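*Asks:* Here is my input, please return the structure:
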Amino acid sequence: MSNSLHRRSLLSRAVRTAAALAATLTLGLASAQSDKPIRLLVGFPPGGGSDAIARLLSEKLKDALGMPVVVENRPGAGGQIAAQTLKAAPADGHTLFLSHDHTISILPQVIKNPGFDPVHDFVPVGGFATFVNAFAVSGGNPAKSFNDYVAWVKAQGHGKGAVGIPAPASTPEFLVKLVGQKYQLDLVAAPYRGSAPMMADMLGNQIAAGVGSIPDFIENHKAGKVRVVAVLGTKRQAAMPDVPTFDELGLKGFEDLPYYGIYAPAGTPAKFIADFSTALAKVVEQPEVKGPLTAMGLTVGYMTPQQLAARQQAYTAAWTRIIQNTGFVAQ
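*Replies:* Below is the predicted model:
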C-alpha cells in the first residue's frame, strides 16, 4: 500500500510539473508571437510618396500598438506584386498593405488576371487620407501654366509629347489620354516603376512633364525644381492655393478623390482589425503625423473599415465609367 501511494504521489507531481512546463511554454510562445513585427507592405520603391507616408505612420503605429511595424517595399507593376504578396500571406495579423487607389480600384479593371481580388482577398483595416493627382512640368520646361504647356507642345513638338506616369494603366495614364483628347494633342504616357524614378527624370529634364499625386511633387514644387500647373478635383489644394483645378480649366468628371488605406488578408481576426484600426485613428490625429501628411498634400482624415470599403466601392465605380469612356481594353 505504501509503495502504491508513493507511486501515485510521484505520478501526481509529474503531471503537475508537465502542466506547469506546458503553461510556461505557452506563455513563451505567446510572448514570442507578440514580438513578431507587423510587415507593412508598400507597392512602390523607397523615396516615393507612398513609401514616405508608410514610414511616418509605421513609427507612430509601433508606439500605439506596442510592437514593431516594419515597412517592406515590394515594388513593381503598380503595386500588383505587393498585393499578390498580401494575398499569399497568413491571415494572422502580421502582414498588412498600405495602398492608394491605383492597386485597389484601378488595377483589377485594367489587367485581366491581376492575381488578386481586393473585394474577396482583402479586408479593409482603415483609411487615413484622400488626395488629388496633379500635372507638373519639369524645371527646364518654359511653361508657367497648363495653357503654356499646351502651347509649348503644339509649338515644339507639333502637338506630340511624352508625359511621365508612375505606373502603366493607372489613373495618371487615363488623365494623359483625356488631356490629349480635350486639347487635341498626341500625348504619350511614359510609364515608370513608381514616382521616384519619374521624378528623377523630371529633375534631370529628361522628360518635360509628369502626372502623379501631390505628395510625389510637392517638395520639388516648393523648391522650384518642378512646377505643378493643374490638379484634379473641384477645389484648389491648401498646399498649392495658386494652382488651378482641371475643373476650372474645363476638364470635368474627376470629382471622386483617390484615397489611401490599409488592408489585411481576408480571414484576419476581427479583434486584430479593430485594434489596429483604433490605433490608426489615434495616430493620424497626432500633430506630428497629421502636420507632415497635410504638408505632403494629403487631406487627412480617419476612415473606419466600413467607410474605407464604401470609398473604395464609390471610387471604383466612378473610374469604371471613365476607363470605359477612353476605350481602354483590359490587357
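*Asks:* what about residue 238, neighbour count?
*Replies:* Per other CB atoms under 10 Å, the neighbour tally for residue 238 reads 10. For the C-beta atoms, the positions are set from N, CA and C on the backbone; glycine is no exception.
*Asks:* what's the closest non-adjacent residue to it?
*Replies:* Excluding its sequence neighbours, the residue lying closest to residue 238 (CB to CB, 6 or more residues apart in numbering) is residue 294, at 7.5 Å.
*Asks:* what's the neighbour count on the one you found?
*Replies:* Residues within reach of residue 294, counting by other CB under 10 Å, total 15.
*Asks:* what ranges of the stretch 1-150 of the chain fall below the confidence cut-off?
*Replies:* For the stretch 1-150 of the chain, the stretches flagged by pLDDT under 70 are 1-34.
*Asks:* Distance-wise, check residue 208 relative to residue 48.
*Replies:* Using CB to CB, to the nearest Å, residue 208 is found at 20 Å from residue 48.
*Asks:* Pick out whichever of these two has more residues nearby.
*Replies:* residue 48 (27 against 22).
*Asks:* Which stretches in the stretch 1-150 of the chain count as strands?
*Replies:* For the stretch 1-150 of the chain, the strands defined by DSSP state E, counting those that start in this stretch occupy 38-42, 69-73, 95-100, 122-130, 133-138.
*Asks:* Tell me the strands beside the third one, with direction?
*Replies:* Read it as strand 95-100. strand 38-42 (parallel), strand 259-265 (antiparallel) (DSSP bridges).
*Asks:* got it, and the last one?
*Replies:* When sheet partners are counted by DSSP bridges, strand 133-138 sits next to strand 209-213 (antiparallel), strand 226-231 (antiparallel).
*Asks:* Now the longest one: average pLDDT?
*Replies:* When you say that, I think you mean strand 226-231. On average, the pLDDT along strand 226-231 is 97.
*Asks:* Could you list the residues in contact with it?
*Replies:* Outside of strand 226-231, the residues within contact range by CB atoms under 8 Å, 6 or more residues apart in numbering are 132-139, 141, 143-146, 148-149, 199, 202-203, 210, 214, 217-218, 220-221, 237, 240, 243-246, 249.
*Asks:* buried set for the next helix or strand after that strand?
*Replies:* Remark: after strand 226-231, the chain's next helix or strand is helix 246-249, criterion DSSP states H and E. Applying a neighbour-count criterion of 16 or more other CB atoms under 10 Å, one finds 246, 247, 249 buried in helix 246-249.
*Asks:* Most tightly packed of the strands paired with strand 133-138?
*Replies:* Highest mean neighbour count of the strands paired with strand 133-138: strand 209-213, a mean of 28 (counted as mean count of other CB atoms under 10 Å).
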